[in-house]
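Visitor: Task: produce atomic coordinates for the following.
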Amino acid sequence: MRFLRQSLAGVFLAAVTAGLLFYAGTLVFGAVQDRMAGGRKAPPARERVFAVSLVTAEMGSETPELIAFGRAQSRRKLELRMPVAGQVAFLAEDFVEGGTVEPGELLVRLDPADADAALKRAEADRLDARADASEAGRALGLAADELQSAEDQAALRLRALQRQLELKERGVGTAATVETAELAAAQARQTVISRQQAQSQAEARVDQAAAKLARAEIEVGVARRDLEDTEVRAPFAGTLQMVSLVEGRRVSANERLAELVDPAQLEVSFRVSTAQYARLLDEAGNLRKLPARFSLDSAGAALTATGVISRDSGAAGEGQTGRLIYAQLDPAPGFKPDDFLTVRVQEPPVDRVARVPASALDAKGTVLVLGEGDRLESLDVELVRRQGDEVLIRARGLRGREVVVSRTPLLGGGIRVRPLRTDASGVVQAPPEPALVELSDERRDKLVAFVEANKRMPDPVKQRLLSQLAEGKIPADALERLESRMGG
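Guide: As a prediction, this is how the structure comes out:
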């Protein structure tokens, strides 16, 4: 027991000794740190100031511009097809890809031998039909004359019969003479009927001859049209494209030879969203005839033209969204069908809006404006329209305020900034020269000693400060920074 008690007492004393030694070491370490620090306090933290570019929000009326992309196409296009089959005997010199033709110019001619022979046969058949029609007419005239003669004879026989009947009633005539007169009258009536049948047959022959002549005339017309169809002429002035024909080749009926387009009557079709389409409608829901500008950009060279919106499509289109708009171009030299164009449509003016760079607006629909003490304030705005790298916005209290041009994650409400204002042309104005403070000799010597003793200051900065101190004047902001670092 005595040994155990003495052992516990020894352990306790060793622990107390170790604790005292640790406390003493902590005191010594703290004293050394204070000594090394020279007893000076750390300079107070300075507020960081950011330089920002500002633009003044001028409220007014703006004319938005709708930008889309479309394809040029001709309003008058014709497929040149050969109505009849045959061998190509002639091709115009301009019947090539991109060739320019005039109205009525002969473009293609087939070998007309077969068509000419068919026309001559048809004309010969027409002569036969005319001869048959003339003969049928003469036969009808003769049949009419014979019928008239038979009718006259029948009338004489009838009067002779009546006279014999009267003689018989007076007792002068005999039954035999009456019977003979009756037979003669019956034969006369039979002859009249035969002549009527002959006249009817002559009339039918005349009708048949007329029908035959009509068919012959039709055949002549068809043959003449086939002969004319061996030639293809330009119905209007234009340019040829998709030409697929050479001289000597045999073509089939209705084969496409080329396409003729009129480059002077161009229009542009372009698709817009439903929201953009709604802005192009008037109060009655009709499409406005708004002016438009078209440009074809290629390798730095641009062709431009003007036009006006003419109509929109009747349907949205299968698998499509928005609306398809058509605009008619004014005379536009250099433009061709199927050109891919940039379309700019002037929308109706919008009042009470400000035009600012798009970088000034964040995803929440707010902008930063300059407030009192060069501190930023966040302002909620309404986005009216986007215009390329700019936006049209409106908000209560926005008129005349200075808006930050470019938002960064470091900027926000309450941040102090150094404003860099831009003029009307967008050039950043130079900041005003800082105010200079004249130093006393004692104050200048103290600052010179501090600058020379500072080992962490870059040499270019040190030389600039020493040159300013040698002149006896230094900017107020530089003086403030130096004295804050000196702890004074």
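Visitor: The chain - how does it break down into domains?
Guide: Here the domain parsing of the chain from automatic domain parsing is 51-62+350-421, 80-109, 114-228, 261-346, 436-486.
Visitor: Could you say which one of those comes nearest to Leu240?
Guide: For Leu240, the closest of the domains of the chain is domain 80-109, at 4.6 Å, according to Cβ to Cβ. In this view, the C-beta of every residue, glycine as well, is placed from N, C-alpha and C.
Visitor: what is the mean pLDDT for the closest one?
Guide: What domain 80-109 shows for mean pLDDT is 85.
Visitor: So for it, what gets flagged as buried?
Guide: By neighbour count with 16 or more other Cβ atoms under 10 Å, domain 80-109 contains the buried residues 80, 82, 84, 86, 88, 91-92, 95, 99, 101, 107-109.
Visitor: I'd like these laid out as TSV, including distance to Asp380.
Guide: As requested, the buried residues of domain 80-109 are arranged in TSV below (distance: Cβ to Cβ, whole Å):
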residue	distance to Asp380
Leu80	63
Met82	70
Val84	75
Gly86	77
Val88	74
Leu91	72
Ala92	70
Phe95	67
Gly99	63
Val101	64
Leu107	68
Val108	70
Arg109	76
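Visitor: Tell me the one of those residues nearest Ala253?
Guide: Comparing these against Ala253 with Cβ to Cβ places Val84 closest, at 5.6 Å.
Visitor: Not counting its neighbours along the chain, what's nearest the closest one?
Guide: Nearest-residue entry for Val84: Asp229, 4.8 Å, with adjacent residues in sequence omitted and distances by Cβ to Cβ, 6 or more residues apart in numbering.
Visitor: ok, that neighbour - contacts?
Guide: By Cβ atoms under 8 Å, 6 or more residues apart in numbering, the contact list for Asp229 reads 82-84, 115.
Visitor: Now, these that are in helices?
Guide: Among the contacts of Asp229, DSSP state H puts Ala115 in helices.
Visitor: Show me the strands in the stretch 351-488 of the chain, by range?
Guide: Remark: strands assigned in the stretch 351-488 of the chain by DSSP state E, counting those that start in this stretch are 366-370, 376-380, 382-387, 390-394, 402-404, 417-421, 436-438, 473-475.
Visitor: Which of the buried residues of domain 80-109 sits closest to Ala24?
Guide: Among those, Gly99 lies closest to Ala24 (Cβ to Cβ), at 108.9 Å.
Visitor: What distance do you get for the residue nearest to Val84 to Ala118?
Guide: According to Cβ to Cβ, to the nearest Å, Asp229 stands 12 Å off from Ala118.
Visitor: With Gln33 instead?
Guide: Gln33 sits 122 Å away from Ala118, going by Cβ to Cβ.
Visitor: more neighbours, these two?
Guide: Taking neighbours as other Cβ atoms under 10 Å, Gln33 and Ala118 compare with Ala118 leading, 17 against 9.
Visitor: one step back: and the domains of the chain as JSON lines, adding distance to Ala72?
Guide: JSON lines is the format used below for those (distance: least, Cβ to Cβ, whole Å):
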{"stretch": "domain 51-62+350-421", "distance to Ala72": "23"}
{"stretch": "domain 80-109", "distance to Ala72": "16"}
{"stretch": "domain 114-228", "distance to Ala72": "35"}
{"stretch": "domain 261-346", "distance to Ala72": "4"}
{"stretch": "domain 436-486", "distance to Ala72": "61"}
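Visitor: closest one to Phe69 among the ones you listed?
Guide: When the domains of the chain are compared by Cβ to Cβ, domain 261-346 sits nearest Phe69, at 6.0 Å.
Visitor: Just the endpoints, please. Distance across that closest one?
Guide: From its first residue to its last, domain 261-346 covers 29 Å (Cα to Cα, to the nearest Å).
Visitor: and what of stretch 394-413?
Guide: End-to-end distance for stretch 394-413: 19 Å, by Cα to Cα.
Visitor: contact partners of it?
Guide: Contact with stretch 394-413 is made by 50, 52-59, 352-354, 356-357, 359-362, 367-370, 376-382, 384, 417, 419, 421-422, as judged by Cβ under 8 Å, 6+ apart.
Visitor: Can you select the buried ones from those residues in PyMOL?
Guide: In PyMOL, this line selects whichever of the contacts of stretch 394-413 come out buried by 16+ other Cβ under 10 Å:
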select buried, resi 52+53+54+55+56+57+59+353+354+356+357+360+361+367+368+369+370+376+377+379+381+384+417+421+422
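Visitor: Now go through the buried residues of domain 80-109 and say which are in strands.
Guide: Of the positions in the buried residues of domain 80-109, 80, 82, 86, 88, 91, 101, 107-109 sit in strands, assigned by DSSP state E.
Visitor: Please tell me how far Glu47 sits from Ala305.
Guide: Applying Cβ to Cβ, the value for Glu47 to Ala305 is 57 Å.
Visitor: quick one, which of the two is more surrounded?
Guide: Set Glu47 next to Ala305 and count neighbours by other Cβ under 10 Å: Ala305 wins out with 20 against 6.
Visitor: what's the nearest residue to that one if we skip its chain neighbours?
Guide: Ala332 is the one closest to Ala305 (Cβ to Cβ, 6+ apart), at 3.5 Å.
Visitor: What does that neighbour show for phi and psi?
Guide: The phi and psi torsions at Ala332 (degrees, to the nearest 10) take the values phi -130, psi 90.
Visitor: Tell me how many other residues surround it.
Guide: Burial measure for Ala332: 21 neighbouring residues, criterion other Cβ under 10 Å.
Visitor: That one: what's it in contact with?
Guide: Ala332 neighbours (Cβ under 8 Å, 6+ apart): 266, 294, 303, 305, 307.
Visitor: Could you identify the pair within those that is furthest apart?
Guide: The widest separation within the contacts of Ala332, taken as Cβ to Cβ, falls between Leu303 and Gly307 and amounts to 13.2 Å.
Visitor: Neighbour count for these two, which is higher?
Guide: Neighbours were counted for Leu303 and for Gly307 using other Cβ under 10 Å; Gly307 has more, 21 against 16.
Visitor: my guess is the more buried one contacts Pro331, does it?
Guide: No - counting by Cβ atoms under 8 Å, Gly307 does not reach Pro331; the two are 10.0 Å apart.
Visitor: In the stretch 251-400 of the chain, what residue spans correspond to helices?
Guide: All helices of the stretch 251-400 of the chain, identified by DSSP state H, counting those that start in this stretch, fall at 274-279.
Visitor: quick revisit: now, among the ones in strands among the buried residues of domain 80-109, which is nearest to Leu392?
Guide: Distance to Leu392, by Cβ to Cβ, is smallest for Val101 among those, at 49.3 Å.
Visitor: Give me the number of neighbouring residues for the closest residue to the closest one other than its chain neighbours.
Guide: Spatial nearest neighbour of Val101, excluding adjacent residues (Cβ to Cβ, 6+ apart): Ala234 at 4.2 Å. When neighbours are counted by other Cβ under 10 Å, Ala234 registers 21.
Visitor: I figured Ala234 was touching Gly104, is that so?
Guide: Yes - with contacts counted by Cβ under 8 Å, Ala234 reaches Gly104, the gap being 6.6 Å.
Visitor: quick one: low-confidence parts of this structure?
Guide: For the chain, the stretches flagged by pLDDT under 70 are 1-4, 34-46, 172-173, 298-301, 422-437, 472, 477, 486-488.
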